[in-house]
Structures are given as structure tokens and as C-alpha cells.
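Q: After the sequence you'll find the predicted model.
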Amino acid sequence: MPTPFPSGLKRSASMIILKNQHAFLLLKRNKQPHIGKYVPVGGKLEPFEDPLTAALRELEEETGIRLDQLSYAGHLVETSPLTYNWQSNIYWAEIDHVTPPYCSEGILTWITYTDLPKIPTPRTDRYIFEFVLESRPFALNAIYNSEMELVTMTEEIRGEKLI
């Protein structure tokens, strides 16, 4: 029987931002966390799996898109006093503008950068999209309170307080 994941420890994940010029192929999630919000595809690392391998696997599992390489963008650490605690490696790839494929995790849709403020997305992701568009590496540290409200976020490479 598997040992339960200890509460409070960080889970490791990889997220993949698929872009075509100034549009992103985003997933409107049908599962928690972030149900009903638009997010990049991605997921948890499996045992003994490195972040890049996980990103390539998750990309193919969720979109059917198979790529040989991805560009590393940065990482996001999210800390809360609840069970939501993550360390996510963020990758990106420029792809052709394809018809959004079927995904069991939700609905994939192309969203332009200018339309992002009009749709529900995690607050952290809007900063990530901006950094990717500007080709700026980032190291984000996001702190949530017990109501899962984002109370502070710092970009640690430049020491910028974003929230």
C-alpha cells in the first residue's frame, strides 16, 4: 500500500506553455485544483522522473502533441498552510496554430495575451505568461493564506515584489 504524501511537503510538477505568437493554448480545467480556470497543460512528476521528461509526457498525454524539446522558462513555488504546496518547473514551446485537440482534463482553447484579463486564470499564471512573452527567466515564490488567497509573490532573480 502506498504511503500517503505528507501534508505540507511540496509536490513537484511541470507545466508547459504552448504559444503561437501572442496566443496561448490553455486548458479550462474540469478538475481541482483550479477547476473552471484556464491554465497551461502539465502535471505531477512520477516517481524517479525528471521535470523535462514529465513535461514532455504530460504534453503528449493531455494534447497529443509530441515535441522533442522544450525551452525552460523558470519555476514557481507555491506555499500555503493547507495541502496546496507545489514546486512547478515551467517550460514553453512555440507551436503551429493547431485546432485544439480533445483533452480529458478539460477544454483546450487558444487565448490571446490581450484576452487573458477577461478569463479566469490563477493570478500567478498571468505573471508567468508575461515573463514568457518577454523571454525573461523567473523564479516566483507565491505565499497563500488559509483561505487560499495569494498574499505575496516575489520574483527572486531580481528581488521584485510582485504582490
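A: Right, received. Where do you want to start?

Q: neighbours around residue 77, how many?
A: 17 (other Cβ atoms under 10 Å). Backbone N, C-alpha and C define where each C-beta goes, glycine included.

Q: Hmm, it is touching residue 12, no?
A: No. Using Cβ atoms under 8 Å, residue 77 is not in contact with residue 12, being 10.5 Å away.

Q: Just name the shakiest helix or strand of this protein by mean pLDDT.
A: Least confident element among the helices and strands of the chain, by mean pLDDT, DSSP states H and E: strand 102-103 (a mean of 92).

Q: residue ranges with poor pLDDT in the protein?
A: Residues of the chain meeting the criterion pLDDT under 70: 1-3.

Q: report the longest helix in it, please.
A: helix 51-63 (DSSP state H).

Q: other SSEs contacting the next helix or strand after it?
A: Next helix or strand after helix 51-63 toward the C-terminus (DSSP states H and E): strand 71-79. Where contact means 3 or more Cβ pairs under 8 Å, 6 or more residues apart in numbering; DSSP states H and E, strand 71-79 is packed against strand 86-94, helix 123-133, strand 138-144.

Q: Return the list of strands paired to strand 71-79, each annotated with direction.
A: strand 86-94 (antiparallel), strand 138-144 (parallel) (DSSP bridges).

Q: Report the buried residues of it.
A: The neighbour-count check on strand 71-79 (16 or more other Cβ atoms under 10 Å) flags 73, 74, 75, 76, 77, 78, 79 as buried.

Q: can you check stretch 47-58 too?
A: Neighbour-count burial for stretch 47-58 [16+ other Cβ under 10 Å]: 51, 54, 55, 56, 58.

Q: Pipe these into JSON lines and attach distance to residue 109 per row.
A: Listed next are the buried residues of stretch 47-58 as JSON lines, based on distance: Cβ to Cβ, whole Å:
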{"residue": "51", "distance to residue 109": "25"}
{"residue": "54", "distance to residue 109": "23"}
{"residue": "55", "distance to residue 109": "20"}
{"residue": "56", "distance to residue 109": "22"}
{"residue": "58", "distance to residue 109": "18"}
